[in-house]
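[1] sequence first, then the predicted structure:
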Amino acid sequence: MTAPSRDLRALGVASAGACVAALSTSVVAVAAPVVAADLRVSVPGVSVVLSAYLLVVSCLLPLAGRLGDTLGKKRVYVAGLTLFALGSAACALAPTLGALVAARALQATGAACTMAVGPAIVTGAFPPAERARALGAQLTATYLGLTAGPTVGGLVAGAFGWRAIFVVVAVAGVSVAALAFVTLPRVSPAAGARRTALDLGGALLFALSLGALLGAMRVGPREGWASPRALAGIATAVVALALFARHEARHEAPLIPPSLVRSRPLALGVLGALLLYAVLFISAFLLPFFLQRAHGMSPGRAGLLMTAQPAAMAVTAPLSGVIADRRGARVPIVVGMVVLAAGLALLAWSASPPLVEARVVVALAVMGVGAGLYVAPNNAVIMGAAPRERQGMAAAIAATARNVGMTLGIAIAATVEAPLGFRGALALAAGVACVGALLGGVGRGARVP
């Protein structure tokens with residue numbers, strides 16, 4: 001590296017932003033029961049606080065990545081962190097559920113900019129021979145945020161109330177924004193990039209399709225899948241998706257290039273990522289309610305138990321990358337999903353009375369090992385399937401799939417919790433993980449590109 005100190009500072013700033021963004025996702029989940037009780041809303045009602053954040057991030061990630069190319073990565077990154085901090089402060093002051101959801105949408109707008117531009121900042125700061133290691137370090141920072149979130153959220157909510165959680169996140173966002181403003185060099189975007197049209201129409205159609213689908217999933221179980229609202233939501237999602245595909249095929253700078261979607265390894269990798277995070281967030285959303293309501297556990301204690309999963313994931317993910325480099329991606333991808341399904345089954349068994357905390361910790365750790373085995377090889381397949389000039393967009397698509405998966409997981413959990421119960425929902429999640437294992441064995445190359 002020609003400028004190692006600057007490169008390391010850029011990595012540090014990008015990693016700090018990734019950690020804070022991940023923290024804001026996991027820190028709220030464990031406090032959801034406290035929010036529901038304080039604002040006097042139901043489980044499906046408070047799920048909107050989580051799903052609104054993930055939905056907005058999912059819809060804006062590709063658009064935010066293109067803004068980074070046209071306006072400059074430092075400018076978009078700092079602006080995103082600033083919006084994120086403002087949204088966090090608004091969450092702390094929200095008097096109603098509606099105000100909280102709106103504030104979370106503002107917070108998510110800033111997070112989308114941070115998540116989309118962060119990997120590009122790391123890529124530009126390191127030579128090609130060292131980028132994988134640097135991006136791996138940023139991924140570790142993401143898992144550290146996910147690991148710390150349940151504990152921080154539980155302890156802070158238990159001691160000071162749920163609003164204090166957003167104060168902590170706001171302070172962290174402001175701190176990283178200031179650090180990025182001082183540390184990151186300002187690099188002007190390429191001249192051609194400024195002339196690239198932004199696909200606002202594609203972003204709106206994508207958001208309409210996904211939002212309508214999630215709305216139908218929430219209405220269907222309560223009113224019946226043949227009810228007018230459910231059918232209208234499904235029809236809107238299908239029509240918007242068809243219009244989105246047609247729009248992308250004709251746009252000069254599509255939000256999601258059709259050529260990338262036609263790549264079988266990339267498409268399967270993106271679908272696998274969506275399934276993985278949907279499965280993880282079915283349990284992540286329901287487990288705090290089960291521990292705190294059914295067993296009277298404090299938010300701090302519940303958060304501490306839930307740390308086992310992301311901690312195991314953080315340890316396993318780097319090791320699975322080594323395995324994939326030596327043995328190919330297929331084995332850790334398939335084995336990872338199978339282990340995840342086994343962990344979900346173990347968690348369902350552990351939920352039977354009497355509750356033994358050690359069993360819950362072991363089950364969550366097994367889930368983390370399975371997810372950790374899966375995620376690094378799957379990311380390598382996605383990135384290796386994209387041509388060099390579109391790897392940035394491939395990264396944005398992968399990040400979008402992760403967030404869509406999280407959003408779908410929360411929606412599924414809120415939908416099936418009443419009819420199936422906690423253990424039934426986990427059984428459903430285990431079945432989805434088995435489907436992911438089958439997909440993992442289809443069309444994967446012997447080696448990671």
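    Perfect, I can see it now. Numbers count the residues shown, from 1 in each chain.

[2] could you chop this protein up by domain?
    1-196, 200-250, 259-449 (automatic domain parsing).

[3] want to throw those domains into a markdown table with mean pLDDT and mean neighbour count?
    C-beta here means a position set from N, CA and C on the backbone, and glycine is covered the same way. Below are the domains of the chain laid out as a markdown table (pLDDT from 0 to 100; neighbours: other Cβ atoms under 10 Å):
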| stretch | mean pLDDT | mean neighbour count |
| --- | --- | --- |
| domain 1-196 | 80 | 21 |
| domain 200-250 | 84 | 17 |
| domain 259-449 | 80 | 21 |
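
[4] so Val219 touches Ser227, yeah?
    Yes - applying Cβ atoms under 8 Å as the test, Val219 and Ser227 come out as touching, 6.7 Å apart.

[5] which residue, other than its chain neighbours, is closest to Val404?
    Nearest residue to Val404 in three dimensions, chain neighbours excluded: Ser58, at 4.7 Å (Cβ to Cβ, 6 or more residues apart in numbering).

[6] for Asp199, see how far away the one you found is.
    15 Å (Cβ to Cβ, to the nearest Å).

[7] and Ala32, by the same measure?
    According to Cβ to Cβ, Ala32 stands 34 Å off from Asp199.

[8] kindly report the same for Pro119.
    Distance from Pro119 to Asp199, by Cβ to Cβ: 20 Å.

[9] isn't Cys113 up against Val76?
    Yes - counting by Cβ under 8 Å, Cys113 touches Val76, with 5.1 Å between them.

[10] can you show me the helices along the stretch 101-250 of the chain?
    Along the stretch 101-250 of the chain, the stretches classed as helices by DSSP state H, counting those that start in this stretch are 128-160, 163-183, 191-194, 200-223, 228-250.

[11] and the contacts of the last one?
    Which is helix 228-250. Residues from elsewhere that reach helix 228-250 (Cβ atoms under 8 Å, 6 or more residues apart in numbering): 199, 201-202, 205-206, 208-210, 212-213, 215-217, 219-220, 223-225, 254-258.

[12] give the contact list for the nearest residue to Leu344 once chain neighbours are set aside.
    Leaving aside its sequence neighbours, Leu344 sits nearest to Ala430 (Cβ to Cβ, 6+ apart; 4.0 Å). Contact analysis of Ala430 by Cβ under 8 Å, 6+ apart lists Val279, Ala341, Ala342, Leu344, Ala345, Ala348.

[13] out of those residues, flag the one nearest to Leu291.
    Ala348 (14.1 Å; Cβ to Cβ).

[14] distance of that closest one relative to Pro288?
    16 Å.

[15] work out for me the element the residue nearest to Leu344 sits within.
    helix 391-440 (DSSP states H and E).

[16] returning to that earlier point: I'd like the helices of the stretch 101-250 of the chain as CSV, with distance to Ala317 appended.
    Converted to CSV, the helices of the stretch 101-250 of the chain look like this (distance: least, Cβ to Cβ, whole Å):
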stretch, distance to Ala317
helix 128-160, 7
helix 163-183, 23
helix 191-194, 32
helix 200-223, 27
helix 228-250, 32
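
[17] nearest to Glu357, of these?
    Closest among the helices of the stretch 101-250 of the chain, using Cβ to Cβ: helix 128-160, at 14.0 Å.

[18] so which elements touch the closest one?
    helix 4-29, helix 97-125, helix 163-183, helix 299-306, helix 308-327, helix 357-385 (3 or more Cβ pairs under 8 Å, 6 or more residues apart in numbering; DSSP states H and E).

[19] please identify which of those helices is closest to Thr140.
    helix 308-327 (6.2 Å).

[20] past that closest one, which element shows up next along the chain?
    helix 330-350.

[21] so which residue is smack in the middle of this protein?
    In the chain, the residue lying closest to the centroid (Cα atoms, centre = their mean) is Asn403, at 3.7 Å.

[22] kindly provide the distance from the nearest residue to that residue once chain neighbours are set aside to Leu214.
    Using Cβ to Cβ, 6+ apart and skipping residues adjacent in sequence, the residue nearest Asn403 is Ser58, 4.0 Å away. Ser58 sits 10 Å away from Leu214, going by Cβ to Cβ.

[23] which residues are in contact with both of the two?
    Going by Cβ under 8 Å, 6+ apart, residues that sit against Ser58 and also against Leu214 are Thr407.

[24] nearest to Leu11, of the contacts of Ala430?
    Among these, and counting by Cβ to Cβ, the member closest to Leu11 is Val279, at 30.5 Å.

[25] was I right about that closest one contacting Ala433?
    Yes - using Cβ under 8 Å, Val279 makes contact with Ala433 at a distance of 5.0 Å.

[26] now do the helix holding Ala430 against helix 97-125, angle only.
    With axes from the mean of the first three to the mean of the last three Cα atoms, to 10 degrees applied, the angle from helix 391-440 to helix 97-125 works out at 110 degrees.

[27] distance between helix 391-440 and the chain's centre?
    11 Å (Cα atoms, centre = their mean, to the nearest Å).

[28] now that helix against helix 128-160, angle please.
    Using the same axes, to 10 degrees: helix 391-440 against helix 128-160 is 80 degrees.

[29] okay, the angle between helix 391-440 and helix 200-223?
    Using the same axes, to 10 degrees: helix 391-440 against helix 200-223 is 30 degrees.

[30] so who does the residue nearest to Asn403 touch?
    Counting by Cβ under 8 Å, 6+ apart, Ser58 has contacts Leu210, Thr400, Asn403, Val404, Thr407.

[31] can you redo these as TSV with distance to Gly173?
    Converted to TSV, the contacts of Ser58 look like this (distance: Cβ to Cβ, whole Å):
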residue	distance to Gly173
Leu210	25
Thr400	22
Asn403	18
Val404	23
Thr407	21
